[in-house]
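Visitor: Sequence first, then the predicted structure, then my questions.
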Amino acid sequence: MSRDAHLSELGEFLTARRAELSPRAMGLPESGALRRVPGLRREEVAQLAAISTVYYTRLEQGRIEASARVLTALARVFRLDDDQRDYMLELAGKEKTRPRRNSVQKVRPSTQRLLDNLTDTPAIVLGRCMDILAWNNLAAALLTDFSQVPEGQRNSARMLFTDPAMRELYADWETVARTVVAFLRMEAADNPDDPRMAALVEELSEKDPQFREWWAAHHVAHHSMGTKTFRHPVAGGLTLDWETLACPTDPDQHLVIWTAEPGTASHEGLRVLACWAANHHPRADTAG
């Protein structure tokens with residue numbers, strides 16, 4: 001990605017954040033006059049950040065680079081959380097050279113053995129661009145039979161937006177989908193030259209208007225844990241906690257596991273699903 005593309009991306013991010021803030025929320029006086037833009041005006045942001053309107057305008061237009069002091073001031077004005085601030089700084093510092101990454105990712109045999117030994121815990125390994133690299137029996141039973149998905153299509157984001165069954169599986173599909181888009185935004189900033197990421201974003205933008213809208217909003221996230229609620233056809237309603245663990249030998253691989261609190265209906269539901277999976281999902285072909 002070129003320097004100009006970096007600056008343009010930063011400008012779009014600032015524009016999106018500006019549109020989300022109201023003068024009242026920022027303690028600015030309201031004149032009552034009709035506002036032609038959503039959120040704050042550029043001159044209002046400049047005033048709050050103690051910079052000139054011309055300087056800020058050029059930032060949004062992608063015409064100049066921002067200093068560290070200005071970025072810190074803008075993070076304060078826009079009330080950015082840690083993920084958003086890291087994303088903004090990443091955009092502003094993309095001139096540094098990044099190591100070339102291998103195009104093909106594979107899980108180590110020991111990692112696959114670990115997955116297979118987790119008989120009562122759904123688990124998958126995610127790679128770059130949220131590719132699904134490996135999984136265990138119970139993850140296939142919980143989410144989908146990944147062995148029936150062509151290897152080039154085994155991508156968590158793609159399946160979430162293109163497989164109708166996924167919209168039924170997640171009780172709050174929109175929240176899950178928005179979070180996935182935010183994850184992709186963060187990864188795209190960290191690895192701006194990845195052609196597979198660019199192709200994935202282009203594909204999903206063409207296929208799904210919601211993805212296109214949420215991608216344009218420039219929201220970012222980098223969570224490592226949370227809770228999801230499923231409407232499973234076999235196990236019924238499941239509320240599961242998920243955690244992401246980094247692979248020590250490949251920082252671009254992450255183990256994702258789902259667990260349920262002991263004694264709950266969800267915990268019993270996972271046990272039911274594990275019994276069902278043992279009879280319906282043979283262990284063969286559990287990795288791409």
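Guide: That came through fine.

Visitor: alpha carbons only for contacts and neighbour counts from here, please
Guide: OK.

Visitor: what residue ranges in this protein score low on pLDDT?
Guide: 1-3, 29-35, 94-103, 281-288 (pLDDT under 70).

Visitor: Which stretches in it count as helices?
Guide: Applying DSSP state H to the chain gives helices spanning 3-19, 42-49, 53-60, 68-77, 82-92, 109-117, 137-142, 156-162, 164-169, 173-190, 195-207, 209-216, 265-280.

Visitor: And those helices: which comes nearest Gly127?
Guide: Nearest to Gly127 among the helices of the chain is helix 156-162 (9.9 Å), distances taken as Cα to Cα.

Visitor: how many neighbours does the closest residue to Gly39 other than its chain neighbours have?
Guide: Excluding its sequence neighbours, the residue lying closest to Gly39 (Cα to Cα, 6 or more residues apart in numbering) is Ala19, at 4.1 Å. Ala19 is flanked by 16 other residues according to other Cα atoms under 10 Å.

Visitor: what do you get for Ser67?
Guide: Ser67 has 10 nearby residues by other Cα under 10 Å.

Visitor: And for Val201?
Guide: Count around Val201 with other Cα under 10 Å applied: 22.

Visitor: if we can go back for a sec, most packed of the helices of the chain?
Guide: Burial of the helices of the chain is given as mean neighbour count (mean count of other Cα atoms under 10 Å); helix 137-142 ranks first at a mean of 25.

Visitor: my guess is the residue nearest to Gly39 contacts Arg42, does it?
Guide: No - Ala19 is beyond contact range of Arg42, at 9.9 Å (criterion: Cα atoms under 8 Å).

Visitor: Just to check, Glu168 is in contact with Arg231?
Guide: Yes - counting by Cα under 8 Å, Arg231 is a contact partner of Glu168 at 7.0 Å.

Visitor: separation between Thr249 and Phe78?
Guide: Distance of Thr249 to Phe78, given as Cα to Cα, to the nearest Å: 37 Å.

Visitor: When the two are compared, which one has more neighbours?
Guide: More crowded of Thr249 and Phe78, by other Cα under 10 Å: Phe78, with 20 against 9.

Visitor: So what does the more buried one look like in phi/psi?
Guide: When read as degrees, to the nearest 10, the backbone of Phe78 gives phi -80, psi 0.

Visitor: okay, now the closest residue to Asp172 other than its chain neighbours: neighbour count?
Guide: Leaving aside its chain neighbours, Asp172 sits nearest to Thr229 (7.1 Å; criterion: Cα to Cα, 6+ apart). The tally of other residues near Thr229 (other Cα under 10 Å) stands at 17.

Visitor: Tell me which residues touch Thr229, please.
Guide: The neighbours of Thr229, taking Cα atoms under 8 Å, 6 or more residues apart in numbering as the test, are 170-172, 237-240.

Visitor: at 6 Å instead, please
Guide: Listed by Cα atoms under 6 Å, 6 or more residues apart in numbering, the contact partners of Thr229 are 171, 238-239.

Visitor: By neighbours, which of these wins?
Guide: Most neighbours among those, by other Cα under 10 Å: Leu238, with 23 neighbours.

Visitor: hang on, isn't that one packed against His232?
Guide: No - judged on Cα atoms under 6 Å, Leu238 makes no contact with His232 at a distance of 7.2 Å.

Visitor: Check the gap between the residue most central in space within the chain and Asp4 for me.
Guide: For the chain, the residue nearest the mean C-alpha position is Phe183 (1.4 Å; Cα atoms, centre = their mean). Distance of Phe183 to Asp4, given as Cα to Cα: 24 Å.

Visitor: one step back: just checking, which of the contacts of Thr229 belong to strands?
Guide: 238-239 (DSSP state E).

Visitor: Of the contacts of Thr229, which is the nearest to Ala46?
Guide: The closest of the contacts of Thr229 to Ala46 turns out to be Ala171 (Cα to Cα; 41.8 Å).

Visitor: And the closest one, how close does it get to Leu273?
Guide: Taking Cα to Cα, one finds Ala171 at 18 Å from Leu273.

Visitor: Quick check: end-to-end length of stretch 247-267?
Guide: 26 Å.

Visitor: Show residues contacting that stretch.
Guide: 122-128, 238-246.

Visitor: Please repeat the previous calculation with a cut-off of 8 Å.
Guide: 121-128, 237-246, 270.

Visitor: in that stretch, what counts as buried?
Guide: For stretch 247-267, burial by neighbour count (16 or more other Cα atoms under 10 Å) applies to 252-260, 265-267.

Visitor: ok, back up a step: I figured the residue nearest to the centre of the chain hits Val220, correct?
Guide: Yes - using Cα under 8 Å, Phe183 is in contact with Val220, at 6.1 Å.
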